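Student: Pasting a predicted model and its sequence here:
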Protein chains: 4
Amino acid sequence: MGKVLVLYHSDSGNTANMAQFVAEGVRSVDNTELRFKTIDEADADDLRWCDGLALGSPTNPGTVSWRMKQWWDELPPDLWSTIDGKIGCAFSSSGGWGGGAELACMALMIVMMNYGFLVFGVTDYVANQFTLHYGAVMAGEPRKDEEKEACRRLGRRLAQWVAVFINGRKDMLPVHEKLPE
Amino acid sequence: MGKVLVLYHSDSGNTANMAQFVAEGVRSVDNTELRFKTIDEADADDLRWCDGLALGSPTNPGTVSWRMKQWWDELPPDLWSTIDGKIGCAFSSSGGWGGGAELACMALMIVMMNYGFLVFGVTDYVANQFTLHYGAVMAGEPRKDEEKEACRRLGRRLAQWVAVFINGRKDMLPVHEKLPE
Amino acid sequence: MGKVLVLYHSDSGNTANMAQFVAEGVRSVDNTELRFKTIDEADADDLRWCDGLALGSPTNPGTVSWRMKQWWDELPPDLWSTIDGKIGCAFSSSGGWGGGAELACMALMIVMMNYGFLVFGVTDYVANQFTLHYGAVMAGEPRKDEEKEACRRLGRRLAQWVAVFINGRKDMLPVHEKLPE
Amino acid sequence: MGKVLVLYHSDSGNTANMAQFVAEGVRSVDNTELRFKTIDEADADDLRWCDGLALGSPTNPGTVSWRMKQWWDELPPDLWSTIDGKIGCAFSSSGGWGGGAELACMALMIVMMNYGFLVFGVTDYVANQFTLHYGAVMAGEPRKDEEKEACRRLGRRLAQWVAVFINGRKDMLPVHEKLPE
């Protein structure tokens, strides 16, 4: 079984809403176990447990929220350098398009890289002119089909990479998923 | 007179289209002289001439296009460190939302910072959930009003900062521009 | 008088040590008023007051510390978009060279850009193979002459840009400062 | 056999020198096949061939060199989205510490992420205050032991991740490598 953690912080509910769709995507991959937690519910053991992590934060001034950052900064110091080799990806909701959600995703991936994660984006377009190359990004909450699908696709790809790389299920190698017809 | 250079590279025409609206914004500020050039038309003298620079590139794999990068890398070596203190901002068109245009704008601003520029984004929202906090970003070409206005606002803000900081016109200090009614 | 705020958070004392040298650089520019504060001592009025800001944080997992981030995230919401047009720069101490201090400086500058700041790095080399193109970066605390000088140069350049751009003292335009003989 | 490509561009020879040590690190992992190529020697088939890629570029104004960027921008368009799931890491030589090598590594990783790579840095310290959390970074060429070791460690870790994730050799999971005694 692949083990996937969806871990997020949300103030307004927008990132929480994204997280629900990310979790849907994770669940769409069989033989995958999901933990779905806010930063108030998760601790170092959840990080140790997971093979893959989808990490979500609001875009607060162009980067990760202080609450999400606090969660990482206050992990037990002896955790660091003992959990290398997990797979990570990011999602973020900002106040508007052009508001820094891509930069916030990069900040989240930088934190994960610091902990030895291998991080990725998704090449797929989920609709015309809508993709998630550096994580799933949103203005506000997901409303349109493609916005929801971007979140789902992120979670699905994470679970697929975990299946392929951690569980050795080469048959799960994602072929480039097609645009909806 | 403030001197503003709009300098861009465009393959598909999308970034060129953005540049036209950026130039409109520059022209909306009185006592501002505009040079509007592609990288094939511009040289080091244009850089030396300008007080402010709006720099535009397609988002090619998540960062600046090689042609735009070549333009900077092939500037005369003795230019570097002699033009510090100009004002810069960025714009970029990517294949889709979530496709890296914010990251490309950061790359453009990093190049300008290396040349001693002071770089900025724009706090204004130009419509509900549409802003340009780290430069004007677009999926494809600007079509909607707010997409065109984001480009205009970038050029306008650049010309305003040049007026305020370079030409000492404190009356040009932009008050936060309101959303269109 | 130019008004410069050196604002920092420090856990280990390393970033605090950098801040002292940044402040020295600020003081080296005449007609400049300095406020030197930790995040526990500063509030929104200090931000409003300043023309220029040198912002320092430890590099905690590759980006800004949660405590510094909290300071920004908990500013009064009505401050945002009312203080555009200040000048900012960054400094950060990480655990080691290659440990993310440049990325942390970028995160600090992204936060400032979100608040409408114009941000800059310094083209000068302060010694052979030692510069501060995207802010002053350090492994641990500044010990070598060039490490101290990088911090000083950052503060000095900030005060110079404030003199030139905010106070209209064109004579303060920094000529590219030479390497120490 | 794990397949690792070390691909680089170098003007001054500094990045080429780094690449040699990266290749040494790759060779230190058994059952690993190495291709060692400049951008003038490599083509899309080398990318298709590899399981893991160490990508190196000079830090030219704070980001990837135009020549390296050109190599990626001119790949056959139909390659994109067909090679997802490879493992990537970056190295870069800049003119000085604080000169943007970390930012250049991020740009290289952004390009690889766009092509569906999973990218990583290395948690290990290779000496007191010397690490490679976001790729191997250097001022000039590697001279000191720890500078050479940072490059080696990058190549070694890449080959280890390829062994673990692509070739299913779980015994190759790197335990956190200790500082040299």
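Tutor: Sure, I can see it. Note that the structure is predicted; figures quoted are calculated from it, not measured. Numbers count the residues shown, from 1 in each chain, chains lettered A, B, ... in the order given.

Student: if you average pLDDT over the longest helix seen in chain A, what comes out?
Tutor: With residue count as the measure and DSSP state H as the assignment, chain A has helix A:145-161 as its longest helix. Predicted confidence along helix A:145-161 averages 98 (mean pLDDT).

Student: What helices and strands are in contact with that helix?
Tutor: Packing contacts for helix A:145-161, counted by 3 or more CB pairs under 8 Å, 6 or more residues apart in numbering or on different chains; DSSP states H and E, involve strand A:2-8, helix A:14-27, strand A:52-58, strand A:87-94, strand A:122-127, strand A:130-132, strand A:136-139. Placement of C-beta: from N, CA and C, glycine included.

Student: could these go into JSON lines alongside mean neighbour count and mean pLDDT?
Tutor: Conversion of the helices and strands packed on helix A:145-161 to JSON lines gives the following (neighbours: other CB atoms under 10 Å in any protein chain shown; pLDDT from 0 to 100):
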{"stretch": "strand A:2-8", "mean neighbour count": "25", "mean pLDDT": "98"}
{"stretch": "helix A:14-27", "mean neighbour count": "23", "mean pLDDT": "98"}
{"stretch": "strand A:52-58", "mean neighbour count": "29", "mean pLDDT": "98"}
{"stretch": "strand A:87-94", "mean neighbour count": "29", "mean pLDDT": "98"}
{"stretch": "strand A:122-127", "mean neighbour count": "22", "mean pLDDT": "96"}
{"stretch": "strand A:130-132", "mean neighbour count": "26", "mean pLDDT": "98"}
{"stretch": "strand A:136-139", "mean neighbour count": "29", "mean pLDDT": "98"}
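
Student: Any chance of the ones you listed in JSON lines with distance to D:M109 as columns?
Tutor: What follows is the helices and strands packed on helix A:145-161, written out as JSON lines (distance: least, CB to CB, whole Å):
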{"stretch": "strand A:2-8", "distance to D:M109": "22"}
{"stretch": "helix A:14-27", "distance to D:M109": "22"}
{"stretch": "strand A:52-58", "distance to D:M109": "17"}
{"stretch": "strand A:87-94", "distance to D:M109": "13"}
{"stretch": "strand A:122-127", "distance to D:M109": "15"}
{"stretch": "strand A:130-132", "distance to D:M109": "16"}
{"stretch": "strand A:136-139", "distance to D:M109": "18"}
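
Student: Switch the ones you listed over to TSV, and while doing so, append distance to chain C to every line.
Tutor: Rendered in TSV, the data for these read as follows (distance: least, CB to the nearest CB, whole Å):
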stretch	distance to chain C
strand A:2-8	15
helix A:14-27	14
strand A:52-58	9
strand A:87-94	10
strand A:122-127	22
strand A:130-132	20
strand A:136-139	15
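
Student: how much space is there between the spatially most central residue of chain A and chain B?
Tutor: By CA atoms, centre = their mean, the mean C-alpha position of chain A lies nearest to A:A54, the distance being 2.4 Å. When CB to the nearest CB, to the nearest Å is applied, the distance between A:A54 and chain B equals 15 Å.

Student: contacting residues around that residue?
Tutor: Listed by CB atoms under 8 Å, 6 or more residues apart in numbering or on different chains, the contact set of A:A54 reads A:4-7, A:19, A:22, A:26, A:88-91, A:154-155, A:158.

Student: What parts of chain A come near chain D?
Tutor: Neighbours of chain D within chain A, by CB under 8 Å from any CB of the partner chain: A:80-82, A:84-85, A:87, A:106, A:110, A:113-124, A:133-134, A:161, A:164-166, A:168, A:173-174, A:176.

Student: Going through those residues, which ones are buried?
Tutor: Buried positions within the residues of chain A next to chain D, assessed by neighbour count (16 or more other CB atoms under 10 Å in any protein chain shown), are A:80-81, A:84-85, A:87, A:106, A:110, A:113-124, A:133-134, A:161, A:164-166, A:174.

Student: on that earlier part again, out of the helices and strands packed on helix A:145-161, which comes closest to C:T38?
Tutor: The stretch from the helices and strands packed on helix A:145-161 with the least distance to C:T38 (CB to CB) is strand A:52-58; that distance is 25.2 Å.
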